[in-house]
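1. Okay, sequence plus prediction incoming.
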Amino acid sequence: MKRFEYSRATAPEQAAQSASVKDASFIAGGTNLLDLMKLEIETPVKLVDITRLALAQVETTTDGGLRIGTLVTNSDLAAHPEVIANYPVLSRAILAGATGQLRNRATTGGNLLQRTRCYYFYQTDSACNKRKPGSGCPAIRGENRTLAILGTSDSCIAQHPSDMAVAMRSLDATVETLKTDGSTRKIAIKDFYCLPKDTPHIENVLESGELITHVVLPAPVSGIHTYDKVRDRASYAFALVSCAAIIDVTDNGRLDTVRLAFGGIGTEPWRNEAVEALLTGTDGNNDVIKQAADLLLKEAKGSGQNDFKIPLTRRLLKQVIQRALAGKGA
Amino acid sequence: MSTLNLTINKQDYQLDNLDSRTTLLDVCRQHLKITGPKKGCDHGQCGACTILINGRRINACLTLAVMHDGDEITTIEGIGMPESLSALQQAFKDNDAFQCGYCTPGQICSATALIDEIKQNWPSHVTTDLQNPDGLLVQEIAERMSGNICRCSAYPNIIKAISQVLENEMKGSSKTDAVQKSEVTGIWSLSPSEAQLGSQSMKNKTATSRLGDRS
């Protein structure tokens, strides 16, 4: 691990200012950052410890939503009675990720900022456009079984690893931040991540020193909340394909609300509202599901080993929709 | 470089000029000779370094010591010593829940916190009803212990040991029935090919939560 200057933030404003220097980083749970620092993939010159800031509360908002402090741990969020009762898709997604130990440290803001698990990103003696811009992407013709099929570019096919962020996408969460000049902004999660294009090292719209303070959920969406995760092991493995779904079905068996966000297949948490619109109002028959899957995967591009994710995503989509339809009748 | 005050197993330690890069695991092992927490992978993958911070299990290898002044840190030495074994330590012995023993301090620290998590009704990935976790099934223990790897593969006996302690801890609570009905070896009866199939695990692990109509 490279040397760094450690400081502990006393207030959010002061944290943002401290981290405004080049190559500074915030640290909260540190479960991803310290792993990457040990491998010298991340080499911050300054670490601003934000763990003692008063940002670990979950509050209800005036419009019936939830405002989650950035330091709320994944464990606490998944077990929070309001989340369990009204946003079960979020509890399910968090519990599908990592381990008890990691969830106890991992934070809400930090989880959104997880780096990819692409092998080449982790292997410092290989090229990687994300780690070393311009060096190339060996994954495209190499070991890419776990990597993305949507949102990819000629520069990068790294998958976004988070489960939590997939559920946040399905819930239309908003990321609240504090900038170094003291101003705040609210970023819709759909606008938070950047596609790799030819700058895969830029993963989100945060500016230098900009601190995530809260993640806000709008009022709950009624329906069946599920999170399905297909992976190589039954526990403690990243998604090959996952799906956060909120689906409501009318009494006569029509899909009413349909929200579907996918993990494991995209370079960012993947949601396509046109697919949801196509399904809404239908009875979810096989033809409609096929059309929906075609639309979802229209731009999908396998790189060889990960080709299987295309049919796997189709099957998962079908399973999620048809189970919700069956659940309504049961 | 900083000066740091740590409380480990109810003892106060002062560390001067500690390099900020030092993990809590390395402080315990290298600086304070508290060698219960083990270094396995040093990347949060194996769980051998599991300790408790303010009662919660974490990977000591993935946190910096400088971040923990004022925290209540507990290692296996604080859970029980040879002359005063905790119930879990005794159960691990009684059930032969280890072979080489390297992962065992982490397993027991992890299981100690797991019991608290179940008492607090924390759900897990395999919990069917999030609002009413049935945290005592064997599958629950396996899922909740997935952050602790055992290369000797003593898993069946680790699960037996934890089940036994949970059963005693939960006596008198409404959850006792679930313990007694669960078959301790149940999860291991699946053939590996079946258990590892994605479709199978989807079928088993998917749980549905119905959100009431709020309109």
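-> In hand now; what should we look at?

2. Near whichever residue of chain B sits closest to chain A, how many residues? Count them for me, please.
-> The minimum distance from chain B to chain A, using Cβ to the nearest Cβ, falls at residue B:147 (2.7 Å). To be clear about C-beta, it is placed using only N, CA and C from the backbone, and glycine gets the same treatment. Neighbourhood size, residue B:147 [other Cβ atoms under 10 Å in any protein chain shown]: 26.

3. for residue A:280, same thing?
-> The number of residues near residue A:280, taken as other Cβ under 10 Å, comes to 15.

4. repeat for residue A:178
-> Neighbours around residue A:178, by other Cβ under 10 Å: 21.

5. Make sure it is actually in contact with residue A:9.
-> No. Look at residue A:178 against residue A:9 with Cβ atoms under 8 Å: they stay out of range, at 11.2 Å.

6. what sits up against the helix or strand of chain A with the lowest mean pLDDT?
-> In chain A, the helix or strand scored least confidently by mean pLDDT, DSSP states H and E is helix A:309-329, which has a mean of 91. Counting by Cβ atoms under 8 Å, 6 or more residues apart in numbering or on different chains, helix A:309-329 makes contact with A:149, A:223-224, A:226, A:228, A:230, A:240-243, A:245, A:247, A:249, A:253, A:255, A:258, A:260, A:262, A:264-265, A:279, A:283-284, A:286, A:289-290, A:292-293, A:296-297, A:300, A:302, B:198, B:202, B:206, B:208, B:210, all of which sit outside it.

7. what number of residues lie near residue B:107?
-> Applying other Cβ under 10 Å, I find that residue B:107 has 29 neighbouring residues.

8. Confirm that it sits in a strand.
-> No. Under DSSP: H, G, I helix; E, B strand; the rest coil, residue B:107 falls outside any strand and is assigned helix.

9. so who does the residue nearest to it when sequence neighbours are not counted touch?
-> Spatial nearest neighbour of residue B:107, chain neighbours left out: residue B:148 (4.9 Å); criterion: Cβ to Cβ, 6 or more residues apart in numbering or on different chains. By Cβ under 8 Å, 6+ apart, the residues touching residue B:148 are B:46, B:47, B:48, B:50, B:103, B:106, B:107, B:110.

10. Include distance to residue A:119 and secondary structure when you put those into JSON lines, please.
-> Converted to JSON lines, the contacts of residue B:148 look like this (distance: Cβ to Cβ, whole Å; DSSP: H, G, I helix; E, B strand; the rest coil):
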{"residue": "B:46", "distance to residue A:119": "19", "secondary structure": "coil"}
{"residue": "B:47", "distance to residue A:119": "22", "secondary structure": "coil"}
{"residue": "B:48", "distance to residue A:119": "24", "secondary structure": "coil"}
{"residue": "B:50", "distance to residue A:119": "26", "secondary structure": "strand"}
{"residue": "B:103", "distance to residue A:119": "26", "secondary structure": "coil"}
{"residue": "B:106", "distance to residue A:119": "26", "secondary structure": "helix"}
{"residue": "B:107", "distance to residue A:119": "29", "secondary structure": "helix"}
{"residue": "B:110", "distance to residue A:119": "28", "secondary structure": "helix"}
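
11. want to try JSON lines for those residues, with pLDDT as columns?
-> Converted to JSON lines, the contacts of residue B:148 look like this (pLDDT from 0 to 100):
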{"residue": "B:46", "pLDDT": "98"}
{"residue": "B:47", "pLDDT": "98"}
{"residue": "B:48", "pLDDT": "98"}
{"residue": "B:50", "pLDDT": "98"}
{"residue": "B:103", "pLDDT": "98"}
{"residue": "B:106", "pLDDT": "98"}
{"residue": "B:107", "pLDDT": "98"}
{"residue": "B:110", "pLDDT": "98"}
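
12. In a markdown table, list those along with distance to residue B:14.
-> Output for the contacts of residue B:148, formatted as a markdown table (distance: Cβ to Cβ, whole Å):
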| residue | distance to residue B:14 |
| --- | --- |
| B:46 | 30 |
| B:47 | 29 |
| B:48 | 27 |
| B:50 | 25 |
| B:103 | 31 |
| B:106 | 26 |
| B:107 | 31 |
| B:110 | 29 |
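
13. Just the buried residues of those.
-> By neighbour count, with 16 or more other Cβ atoms under 10 Å in any protein chain shown, the contacts of residue B:148 hold B:46, B:47, B:48, B:50, B:103, B:106, B:107, B:110 as buried.

14. ok, of these, which one's closest to residue B:153?
-> Nearest to residue B:153 out of the buried ones among the contacts of residue B:148 is residue B:103 (Cβ to Cβ; 10.4 Å).

15. Next, the contact list for the closest one, please.
-> B:38, B:40, B:46, B:47, B:48, B:148, B:149, B:150, B:151, B:152.

16. pLDDT value on whatever residue of the stretch 101-250 of chain A ends up closest to chain B, please?
-> Using Cβ to the nearest Cβ, the single residue of the stretch 101-250 of chain A nearest to chain B is residue A:235, 3.6 Å away. The model reports residue A:235 with a pLDDT of 96.

17. tell me the angle of the strand or helix carrying residue A:228 relative to helix A:309-329?
-> Element membership of residue A:228, judged by DSSP states H and E, is strand A:223-230. Orientation of strand A:223-230 against helix A:309-329 (axes from the mean of the first three to the mean of the last three Cα atoms, to 10 degrees) gives an angle of 150 degrees.
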